[in-house]
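Colleague: The sequence isn't on hand, but the structure is:
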């Protein structure tokens, strides 16, 4: 059961690792009231005895379920090292039994045990689990692993990559019956977009999370009793409203979850709510009751020894006293906030305290500014290293894929061996069987070849995309180096010169350079947004592949090629043989148009027709040709005919001199 971490005033309720409970001795034992009533040390002794006893059991599904239950109980008791050891044991047993479902589950559980302290290891095992769940066609668990990976990236500061993974997860989970998982995915997406300063989209996803939550609360009155999902979502949503200066909405959200019992039952949550409420009022200019609320929130977090939450309460008080012109108290609270942030190594909190101190503690503003720049540079370097690290993990060769290839090879040898035995028997029935199996094998090989071919095409496309991306990154790098860095250097130099004097006119000049720094900050933000947009728009899917092919031909010829897709197909689930056949037919047809047709326009259209069929129509207004026999067809048209035949598609080619040509291909989907 994952802990719910606190990040700034951001709450994220994670999906609880809902471990399936098997009907066996372990499940009954862990569900018994006598076990639940045990003290922690006695529970651990009991679990240790079961762990030792399991070594004497045979490797069957019941024993593996016992071990999964056992690892969960250790996990709930914060004994992650022992939970990990049990998970590794059940992984070995699952591999020996060739139990793919249990192997995937083992990877998932191992990821959970690593998630608190070794996030890169957790990511690796979630990645392995996701690959295997995809092979098993388990969309819900694939989506859950994508969510877990996105969660890891979020807390490592990789917000762009986290958003991409969450988008993929939500594609798989949009119709999921697991509403808690769907809620958590929407909530995390909102938090990610908030960090990327895409506030309108963040609000949209928080509101989607609220819809799911309302449904959950209606159907399960016990649902929110121990999790406080509603509180976490409300605090997140109010934060975005505050950042976008919608203060009344933020205040309404926070006040809606305050109740008399909250302070007694959940003091940490209560402190967070009143702290955020006070800070929102402060930002709105309404100072009535702000000091009292902030001090109450600080006292509660001190009693609970919640240092992470104390940082921000101290920071809020420092900002409050700066607004009411009590500089001494303001600096005092901000310095305490800074010391605590440094103790906990919270880079974001350190930056906030330094930025406020640089504005309030004028004699030392240069000192704070230098530290702020150093921390920002260090944080940028760490985040860049993290991005590279997780990118390498994605490109590692998957153990699961290797095992799948090995299994396919074994199956092929088995089929070939069966053919040999059947041939020796010589009976008519065996002959027919061989013929059928040969046809089946040829069909499988044909599909395998199609999948390999579409993979190669996609790989070439990815190479092109990477080249374009690299050029764009180089452009932005030059813009940063040649323009912004020079501005920053000049501004820093002037501030250094002006810092030696406290004359009024010098202070005025200094303020001018501070404004210039703000302009530079906006310029950097604009460039950063451009880079973010480039990353998000590079989506590697089949329709983009066809569009890229059309665009490539447009650049080579005088003919204008157009493309439209009205099929509404889920291309990820479409047969690879159909996809590669469409791609190659379009490629051949367009090449023929360029070479021979002398056409000004050519259109390529995909559409769904009756009986769930897919129609590909290619038309040009070129010179056409008179041909009623295959003998007069060139190599290009013959290639198109062969592609259609292999895909078992209906092909019609019509043309007349001066009337262009039409290629119509109908596929069964």
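Modeller: Arrived safely. All figures in this text were calculated on a predicted structure; none of them were measured in a lab.
Colleague: does the closest residue to residue 664 other than its chain neighbours count as helix, strand or coil?
Modeller: What sits nearest to residue 664 in space, not counting adjacent residues and going by Cβ to Cβ, 6 or more residues apart in numbering, is residue 652, at 4.4 Å. (Glycine included, C-beta is placed from N, CA and C.) What DSSP: H, G, I helix; E, B strand; the rest coil gives for residue 652 is strand.
Colleague: all numbers from here: first residue = 793
Modeller: Understood, numbering begins at 793; the last thing we discussed is residue 1444.
Colleague: what residues are up against residue 1444?
Modeller: Going by Cβ atoms under 8 Å, 6 or more residues apart in numbering, residue 1444 touches 1454, 1455, 1456, 1457.
Colleague: Looking at the residues you listed, spot the one nearest residue 828.
Modeller: Nearest to residue 828 among these, counting by Cβ to Cβ, is residue 1457 at 64.3 Å.
Colleague: The closest residue in space to the closest one that isn't next to it in sequence: what secondary structure?
Modeller: Nearest non-adjacent residue to residue 1457, counting by Cβ to Cβ, 6+ apart: residue 1408, 4.3 Å away. Three-state call for residue 1408 (three-state DSSP): strand.
Colleague: ok, residue 1408 - how many residues close by?
Modeller: 23 (other Cβ atoms under 10 Å).
Colleague: go on, residue 852?
Modeller: Neighbour count of residue 852, defined by other Cβ under 10 Å: 12.
Colleague: which residue is nearest the middle of the protein?
Modeller: Nearest to the geometric centre of the chain sits residue 957, at 1.8 Å (Cα atoms, centre = their mean).
Colleague: residues in contact with that residue?
Modeller: With contacts defined as Cβ under 8 Å, 6+ apart, residue 957 is in contact with 938, 939, 941, 942, 945.
Colleague: which one of the residues you listed sits closest to residue 876?
Modeller: So of these, ranked by how close each gets to residue 876 (Cβ to Cβ), first place is residue 941, at 18.6 Å.
Colleague: Make sure that closest one is indeed in a helix.
Modeller: Yes - looking at residue 941 with three-state DSSP, it is inside a helix.
Colleague: Now do the helices in the stretch 793-942 of the chain.
Modeller: Secondary structure of the stretch 793-942 of the chain (DSSP state H, counting those that start in this stretch): helices located at 817-823, 825-828, 832-846, 853-868, 872-888, 892-906, 911-927, 931-947.
Colleague: residues touching the residue nearest to residue 1457, list them.
Modeller: Shown in contact with residue 1408 (Cβ under 8 Å, 6+ apart): 1374, 1377, 1378, 1396, 1397, 1398, 1455, 1456, 1457, 1458, 1459.
Colleague: pLDDT below threshold where in the stretch 943-1092 of the chain?
Modeller: Regions of the stretch 943-1092 of the chain meeting the criterion pLDDT under 70 cover residues 1012-1019.
Colleague: If we use 90, what do you get?
Modeller: 944-954, 956, 965-972, 987-989, 1004-1024, 1049-1061 (pLDDT under 90).
Colleague: What of the stretch 793-942 of the chain?
Modeller: Per-residue confidence for the stretch 793-942 of the chain (pLDDT under 90) gives these ranges: 793-872, 875, 904-915, 927.
Colleague: run the last query once more with 70
Modeller: 793-821.
Colleague: Same question for the stretch 1193-1342 of the chain.
Modeller: Low-confidence segments of the stretch 1193-1342 of the chain (pLDDT under 70): 1193-1296, 1298-1300, 1302-1303, 1305-1307, 1310, 1313-1314, 1317-1332.
Colleague: ok, now with 80
Modeller: Filtered on pLDDT under 80, the stretch 1193-1342 of the chain yields the residue ranges 1193-1333.
Colleague: swap in the stretch 1343-1461 of the chain?
Modeller: For the stretch 1343-1461 of the chain, the stretches with pLDDT under 80 are 1364-1365, 1418-1426, 1461.
Colleague: ranges for the strands of it?
Modeller: Remark: strands assigned in the stretch 1343-1461 of the chain by DSSP state E, counting those that start in this stretch are 1352-1358, 1393-1401, 1405-1412, 1442-1447, 1453-1460.
Colleague: for those, which one sits closest to residue 1087?
Modeller: Comparing the strands of the stretch 1343-1461 of the chain under Cβ to Cβ, the one sitting nearest is strand 1352-1358, at 60.7 Å.
Colleague: tell me what that closest one is packed against?
Modeller: helix 1334-1348, strand 1393-1401 (3 or more Cβ pairs under 8 Å, 6 or more residues apart in numbering; DSSP states H and E).
Colleague: If you count neighbours, what's buried in the last one?
Modeller: In other words, strand 1393-1401. Of all the residues in strand 1393-1401, those buried under the rule 16 or more other Cβ atoms under 10 Å are 1394, 1396, 1398.
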